[in-house]
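Student: Requesting a structural model of the entry that follows:
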Amino acid sequence: MLITYIEHRKGLMSLSKTPAQIHPDLPSVTIIVPCFNEEKTAGKTIESLLALEYPTDKLFIMAINDGSTDGTVEALKKYEDHPQIKIIHKENGGKHTVLNMGIARATTEFVGCLDADSYAKPDALVRIIRQFENPSVMAVVPSLHIYKAETLIQRMQKTEYLIGTFLRSVLAELRALYVTPGPFSIFRKSVFEKIGYYRKAHNTEDMEMALRMQSHGLKIVSAHDAVIYTSSPRTSRKLYKQRVRWTSGFLHNVRDYRNMLLNKKHGHLGSFVLPMMLISAGSVIFVVAMFGYDIVRTIHSYIVHFEALGYKMFEWSWPSFNWFFLHTSPLVFAGFVAFGLVIAFIIIGMRLAHGNKAHLFDVACYICLYSIIAPLWIIRSVTNVVLSKQAVWR
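Tutor: Down below sits the predicted model:
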């Protein structure tokens, strides 16, 4: 991943430095806003779309209420007479049904989605659309960043999303993107006419759509200079539920598209990225199991020592340092290398993120918390797949 970035760094960095330009021949775009119990955020999302630096006669917004049970209906009423906005109410059927309804009713060349808890920077759409100047590009994903990181969990995610910016940029260069995120991924409408509309896809329809596009050889690229801010879980419990859904959905979808694994026909995605992600999940479970084993072994050792020495085993003396006894196993060096790579990914992510940065405290939160919390949702997700269980949306 790092080598790929080094090879393409000039082109990636120049993208962020190039100003967004509005020209008269910009194409028409429809943005679908799925709304389910989003009374507090739906209005802000729509306002961010209305503030886009894009010709008003070529930007259409379709806010679809998916059977909300809170005040979402009232929140959308104020936009009923707006010339750019169409408000639609339907029975609850899930996000994929909302997207399919919007795509079917769209009459524009391009169509996209913005989740009702996310907000676009004014120049985001122009920056995304210019990627479509290449006729082979079928979909473009933006750069996602945390909106108002306040809690420790959110500040951890702020750093994680910067790493995500780096990874998506590199994966796009490898033609190996495996997700088209709900917040502001834009497609040529012809994509859906060619390969079909969204499926429920284990509550991760954005991953399934990307894998389906990749299986048909349709090109997905990243616009890391197009910034979208998204709301994030504030607590570890909410984050855990979200990531169990994401990870379980990914594993289920990879199982559905297992014909892509180790298949050279699907390039780096099939031969490297997907297999390595599965290996990574297995490695996490192995490391956690070994860590648990070491804890049990250490406790047993303390019990044996206590039985032999009694309270004398707790006698303390000043520690001494001797280079001869420095632990120099390959695992220690691998740990230092891995830590250095993570720091490098964060720094590169900040350089690519069009002005978004992580403070030292955000990085510390990521380093301290992520390795503790992430194994929990990975283990639960693998268990879900083995037992053929579906993760709940909320």
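
Student: can we go C-alpha only for contacts and neighbour counts from here?
Tutor: Fine.

Student: what about the longest strand in the protein?
Tutor: Criterion DSSP state E: the longest strand present in the chain is strand 219-230.

Student: Give me the contacts around that strand.
Tutor: For strand 219-230, contacts defined as Cα atoms under 8 Å, 6 or more residues apart in numbering pick out 15-16, 117-121, 123-125, 127-128, 131, 136-147, 165, 168-169, 172-173, 175, 177, 183-184, 210, 213-214, 352-354.

Student: Filter those down to the ones in helices?
Tutor: Of the positions in the contacts of strand 219-230, 15-16, 124-125, 127-128, 165, 168-169, 172-173, 210, 213-214, 352 sit in helices, assigned by DSSP state H.

Student: Just name the lowest-scoring one in those, pLDDT-wise.
Tutor: Among the ones in helices among the contacts of strand 219-230, residue 16 carries the weakest pLDDT, at 74.

Student: give the contact list for it.
Tutor: 224, 225, 352, 353, 354.

Student: Show me which of those residues has the smallest pLDDT value.
Tutor: Out of the contacts of residue 16, that is residue 354, at 79.

Student: from what I can see residue 384 touches residue 247, true?
Tutor: No - counting by Cα atoms under 8 Å, residue 384 stays clear of residue 247, with 9.7 Å between them.

Student: any idea how far residue 356 is from the closest residue to residue 118 other than its chain neighbours?
Tutor: Distances taken as Cα to Cα, 6 or more residues apart in numbering put residue 230 closest to residue 118, at 4.1 Å, once the chain neighbours are dropped. Computed as Cα to Cα, to the nearest Å, the residue 230 to residue 356 distance reads 13 Å.

Student: Ok, residue 147 next?
Tutor: Residue 147 sits at a distance of 11 Å from residue 356 (criterion: Cα to Cα).

Student: Same check on residue 35?
Tutor: Shown here: residue 35 relative to residue 356, a distance of 27 Å by Cα to Cα.

Student: neighbour count winner among those two?
Tutor: Neighbours per residue, other Cα atoms under 10 Å: of residue 35 and residue 356, the larger number sits with residue 35, 26 against 14.

Student: Tell me the bridge partners for that one.
Tutor: Beta-bridge pairing for residue 35 (DSSP bridges): residue 65.

Student: how far away is it from residue 199?
Tutor: Distance, residue 35 to residue 199, by Cα to Cα: 18 Å.

Student: for residue 56, same thing?
Tutor: As judged by Cα to Cα, residue 56 and residue 199 stand 31 Å apart.

Student: give the contact list for the closest residue to residue 202 other than its chain neighbours.
Tutor: Counting by Cα to Cα, 6+ apart, residue 249 is the residue found nearest to residue 202 once chain neighbours are left out, at 5.2 Å. Contact analysis of residue 249 by Cα under 8 Å, 6+ apart lists 201, 202, 203, 204, 207, 390, 391.

Student: Can you say which helix or strand has the fifth one in it?
Tutor: When elements are defined using DSSP states H and E, residue 207 is found to belong to helix 205-215.

Student: Need the contact partners of that helix.
Tutor: 96, 176-182, 195, 198-199, 201, 219-220, 249-250, 253, 257, 260, 266.

Student: I'd like to know how many residues surround residue 300.
Tutor: Per other Cα under 10 Å, the neighbour tally for residue 300 reads 12.
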